[in-house]
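# here are the coordinates; sequence isn't available:
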């Protein structure tokens, strides 16, 4: 029974349902416009390439889990690099996930500010946001797993509603011809948006906490592929609806269904779908903040991650106050100087984990 | 205290223990063989007619016996008669409504089952009415309630454990379960917890519910509350445990799922299509009750574009000149409603009608005419209030949430509502009681249990007991399925 027998473990099925909740919604804020800036009409296919690479990382992480099911990422790194190596690597991972949390937090608050209110300043809205975020992260990973179960259907229904509203205004010829300018714009787009990809790397921090059941792999894989499908579909739809003007439309999630003709009579009820998707965005942040606090916990072999989540929350508030609405500074810093960090945590580390797990497994077999 | 062979000393001892309690009565008489004897009982707790017809009369007429055991076996015509040497047991029997037969020369007493007191009749409970299905509800008498449950299980598998809790009230509590279906470890755990309760008194089953709560500060209950025996019987069949408390017309069931409060016993007696429809309506009602006022506040305060254009114009016309902010206006309306609600529960029934007129018509109409409250606010509040009553068991928790959501919407707009929803559901997902997550079968998802949630499947497809909580036997029925 999947209830309370192992309260601090997460089922693969739950992670599989959490992925479509948290991953695609967070890709529909600034990223479509950002990718379009470089890749233009190839935005969707560019995103597809990046997501497929991410999917390979997920497979690698799950391979590491299969080889050493009871080992956490910290234990795996320690086996390869020792305690000091573990601390350094996991501190880098923590920084990476805190930056990701901040990026998503900023995007979401900016979207709310620009599209919903004109009165509320960004800073006071951060406080309740971070408070709920800390609460959810403190109760993680169980709550994160259960949230996947809970929000999967509403989030999927919301995507479907936006899809139905947007499709009549889409001209899919806007997507052609594919790679007219070659692959360089796509590579540039992925490089500049590295911070927005590599979502599945958070699964590293769930290693050792995934319930050791054999079933559930299918749901996890389907969840990952489903989230990639939804995100790419919406990228394609965004380009199909706005064509060359897509780059000027930030916050795609709130714009994609804007021109559905009957909304003028019925009101923007599509916002209800947007609000549900914002819950998905919230859970993307929660996952990232959990990954931050959990990686620090493992780095310093602490008992609980709650205090670290509080520290992460405080840092988010401070960062919001300091940067205010100058997100472009943060973006420039991330794109120009921090890309080696993202490459390391999103791609290099997941690549190494199965190898380390394999060595550990062989050692255990040799000296049981 | 020691018992004595002297009848008078025993009576005096009892009178000393119950000094100040004028309900203790004793009646001295002589047996047919001339031996002195006495009947001691509590007036109003024992049946005097039974005592005179089936005890006194027979003892005075039938000859030649002064041995208590013999008298109990062959003379007395009462169902329960035991010989008891312990003085503590004598006093306990008296306060429970039993009568004592004392005979001179005996250090023992016969405890006679003569309990009798007035109880409320078996009526339809106020909050669990059904159009179809059993209508009888529990009353305050433990034995009546147990008989209503027992009558539905003509099997020795129904086990009823009687316990006594409360230093001064000695309240009788019965733990009921079906042997072979309920999880033995849970039965043991619950029984042990009840036995360990140390308190001066238990007045109602809600005391037990609170004492068993694993999250005492939570606004959400963690025990099922039932007013009807058919509901309890159905839950026992699912592998739950029922706790019946003397003096309480509600029976507790464990383990508890939040979903139970959205289900109604009537759902199982109607066609499944109607039951599913009713459950979806209740879910929408919960949404309207909690979220609608706050969404209106956030829409009016920050985002009128959410509302269709024609409604926007009419809302703008209605709110013109209202001096209060949308949040404050809604908050005051909620406050007035809660005051009216509290007053109507406690007021005599005949004043209720007048209160409704004053509350709904006079106050509402005047507030709108005076330009203090706008008609849309009043309408949304009324809709929310009515919706709340579709799930009476969750009423208190939901009304608290409604106030919190209005405050959130008033301060940070729709994002406050979203954060409220996330927080509430995260909190509920984290709650577990008796090893059962409150939000199961939704979080964690138990796919096989979804067939009895919002879209109810036919009874022929419910072959297994719910997996959301642990029980000893998974199979409920074996049907040969007939396809349409």
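Great, that's in hand. Quick caveat: nothing in here was measured; it's all calculated off a predicted structure.
# Residues of the stretch 101-250 of chain A that sit close to chain B?
Proximity of the stretch 101-250 of chain A to chain B, by Cβ under 8 Å from any Cβ of the partner chain, involves residues A:112, A:116-117, A:119-120, A:124-125, A:128-129, A:132, A:135-136, A:139, A:142-143, A:145-147, A:149-150. The C-beta positions use only the backbone N, C-alpha and C, and glycine is treated the same way.
# Go ahead and build a PyMOL selection from the buried members of those residues.
Per 16 or more other Cβ atoms under 10 Å in any protein chain shown, the buried members of these correspond to this PyMOL selection:
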select buried, chain A and resi 112+116+117+120+125+128+129+132+135+136+139+142+143+145+146+147+149+150
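# Of the residues of the stretch 101-250 of chain A next to chain B, which belong to helices?
A:124-125, A:128-129, A:132, A:135-136, A:142-143, A:145-147, A:149-150 (DSSP state H).
# just those residues now: which is nearest residue A:303?
residue A:142 (16.6 Å; Cβ to Cβ).
# what's the closest non-adjacent residue to residue 301?
Defaulting to chain A. Spatial nearest neighbour of residue A:301, excluding adjacent residues (Cβ to Cβ, 6 or more residues apart in numbering or on different chains): residue A:74 at 7.8 Å.
# wrong one, I was asking about chain B
residue B:326 (4.7 Å).
# got the contact list for the one you found?
If a contact means Cβ atoms under 8 Å, 6 or more residues apart in numbering or on different chains, then residue B:326 has B:296-297, B:300-301, B:319, B:377, B:410 as its contacts.
# Which helix or which strand is home to residue 88?
Just going to use chain A. Taking DSSP states H and E as the criterion, residue A:88 maps to helix A:73-111.
# try chain B instead
helix B:87-95.
# What is that helix packed up against?
helix B:7-17, strand B:36-42, strand B:99-103, strand B:109-112 (3 or more Cβ pairs under 8 Å, 6 or more residues apart in numbering or on different chains; DSSP states H and E).
# Apply 10 Å and report the result again.
With contacts defined as 3 or more Cβ pairs under 10 Å, 6 or more residues apart in numbering or on different chains; DSSP states H and E, helix B:87-95 has these neighbours: helix B:7-17, strand B:24-30, strand B:36-42, strand B:81-84, strand B:99-103, strand B:109-112.
# thinking again about what came up before, could you identify the least confident member of the ones in helices among the residues of the stretch 101-250 of chain A next to chain B?
By pLDDT, residue A:124 ranks lowest within these, coming in at 74.
# What's the separation between that residue and residue A:109?
Separation of residue A:124 from residue A:109 (Cβ to Cβ, to the nearest Å): 10 Å.
# Helix or strand with the lowest mean pLDDT in chain B?
In chain B, the helix or strand scored least confidently by mean pLDDT, DSSP states H and E is helix B:349-356, which has a mean of 74.
# Show the subsequent helix or strand relative to it.
Following helix B:349-356 in sequence, per DSSP H and E, is helix B:364-369.
# avg pLDDT for that following helix?
The average pLDDT within helix B:364-369 is 84.
# what's that helix packed up against?
Secondary-structure packing of helix B:364-369 (3+ Cβ pairs under 10 Å, 6+ apart): helix B:326-346, helix B:375-388.
# Contacts for stretch B:196-209, please.
Contacts with stretch B:196-209, where a contact means Cβ atoms under 10 Å, 6 or more residues apart in numbering or on different chains, come from B:138, B:140, B:163-173, B:190, B:193-194, B:210-212, B:221-226, B:243-252, B:254, B:256.
# I'd like to know how many residues surround residue A:85.
13 (other Cβ atoms under 10 Å in any protein chain shown).
# same question, residue B:322
Applying other Cβ under 10 Å, we find 16 residues neighbouring residue B:322.
# Report the separation between it and residue A:208.
In terms of Cβ to Cβ, residue B:322 sits 57 Å off from residue A:208.
# and if you look at residue A:257?
41 Å.
# So between the two, which is more surrounded?
Taking other Cβ under 10 Å, residue A:257 and residue A:208 do not tie; residue A:257 has more neighbours (25 against 17).
# what about that one, which SS state?
Under DSSP: H, G, I helix; E, B strand; the rest coil, the three-state class of residue A:257 is coil.
# in stretch B:45-60, what counts as buried?
B:45-48, B:50-51, B:54-56, B:58-59.
# Low-confidence ranges, the chain, go.
With no chain named, the answer covers chain A. The model of chain A has pLDDT under 70 over residues A:1-7, A:117-120, A:122, A:258-267, A:325, A:367-368.
# Actually, chain B is the one I wanted.
Across chain B (using pLDDT under 70), the flagged ranges come out as B:62-66, B:480-484.
# Let's see that with 80 instead.
For chain B, the stretches with pLDDT under 80 are B:1, B:32-33, B:60-66, B:127-128, B:303-311, B:345, B:347-362, B:477-484.
# Please parse it into its domains.
As given by automatic domain parsing, the domain ranges for chain B are B:7-112, B:142-265, B:272-430.
# For the longest helix along chain B, which helices and strands make contact with it?
Secondary structure of chain B per DSSP H: the longest helix is helix B:272-302. In terms of contacts (3+ Cβ pairs under 10 Å, 6+ apart), helix B:272-302 is packed against helix A:270-299, helix B:309-319, helix B:326-346, helix B:375-388, helix B:395-412, helix B:414-430.
# That helix vs helix B:414-430, what angle?
140 degrees (axes from the mean of the first three to the mean of the last three Cα atoms, to 10 degrees).
# coming back round to it: for burial, what's the neighbour tally of the residue nearest to residue A:301?
Using other Cβ under 10 Å, residue A:74 is surrounded by 25 other residues.
# Check residue A:333 too.
Neighbours of residue A:333 (other Cβ under 10 Å): 11.
# so who does it touch?
Taking Cβ under 10 Å, 6+ apart as the test, what residue A:333 contacts is residue A:99.
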